[in-house]
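Participant: Take a look and give me a structure for this.
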Amino acid sequence: MTHIKTFANRTVEILLVEDNPGDVDLARETMEESIIPISLVVAKDGVEAMNYLNKVGLAGDRMPDLVLLDLNLPKMDGRAVLEAMRANELLLLLPVIVLTSSDAEQDIAESYKKGANCYVKKPGDINHFRNVIRQIEEFWFTIVKLPPENYPPFELGGTVG
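Facilitator: You can find the predicted model right below:
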């Protein structure tokens, strides 16, 4: 559990893009039980998510550490959100996990083609849903190494070395 100590001094921020209030409540409850300090921001549709990300990006504020994105959303679906994020220099490298009820091969392939970092099918059972959220937390925040909070923003077009 030494990896978890890495994040003891830093709250991780997750943007959950989800229109189902039941799934939002379940994700929120599960994250509140986490030993990892998590700040959860919820957008209930794709337009709200893009507005939030663009506002944070343009203000130079800290971006979420991870986006959990449903595919079937009102106003702007998850596929369009993913495409818009990958076309935006400020959002290009932001990790996105598609968390959806669809297990259609076309959705999986299209999500990866549009730049999803991971695709997870939402389980129908509440306990399995909680386990999926915990496994996502564990993987992204204990195995993947995040930059420190004051890490300089990524600049495109710069030179390396």
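Participant: what bits of the protein have low per-residue confidence?
Facilitator: 1-9, 140-161 (pLDDT under 70).
Participant: So which residue is smack in the middle of it?
Facilitator: Val67 (1.3 Å; C-alpha atoms, centre = their mean).
Participant: residue contacts, it?
Facilitator: Ile14, Leu15, Val17, Ala49, Leu53, Met85, Leu94, Pro95, Val96, Ile97 (C-beta atoms under 8 Å, 6 or more residues apart in numbering). Just so you know, the C-beta spots here come from the backbone N, C-alpha and C atoms, and that holds for glycine as well.
Participant: could you redo the last one with a cut-off of 6 Å?
Facilitator: Contact analysis of Val67 by C-beta atoms under 6 Å, 6 or more residues apart in numbering lists Leu15, Val96.
Participant: ditto for Asn20
Facilitator: No contacts exist for Asn20 under C-beta under 6 Å, 6+ apart.
Participant: now it: how far from Thr100?
Facilitator: Note on Asn20: its distance to Thr100, by C-beta to C-beta, to the nearest Å, is 10 Å.
Participant: Helices of the protein, residue ranges please.
Facilitator: 2-6, 21-32, 46-59, 78-86, 105-113, 126-138 (DSSP state H).
Participant: looking at those helices, which is buried most?
Facilitator: Ranked by average neighbour count under the criterion mean count of other C-beta atoms under 10 Å, the helices of the chain are headed by helix 78-86 at a mean of 21.
Participant: could you say what helices and strands that helix packs with?
Facilitator: If you count contacts as 3 or more C-beta pairs under 6 Å, 6 or more residues apart in numbering; DSSP states H and E, helix 78-86 packs onto helix 46-59.
Participant: 8 Å - rerun?
Facilitator: helix 46-59, strand 66-69, strand 96-100, helix 105-113 (3 or more C-beta pairs under 8 Å, 6 or more residues apart in numbering; DSSP states H and E).
Participant: That helix versus helix 46-59: what angle between them?
Facilitator: Orientation check (axes from the mean of the first three to the mean of the last three C-alpha atoms, to 10 degrees): helix 78-86 against helix 46-59 gives 10 degrees.
Participant: For helix 78-86, give me every contacting residue.
Facilitator: So helix 78-86 is in contact with 17, 46, 49-50, 53, 67, 69-73, 76, 91-92, 94, 96, 98, 100, 107, 110-111, 114-116, going by C-beta under 8 Å, 6+ apart.
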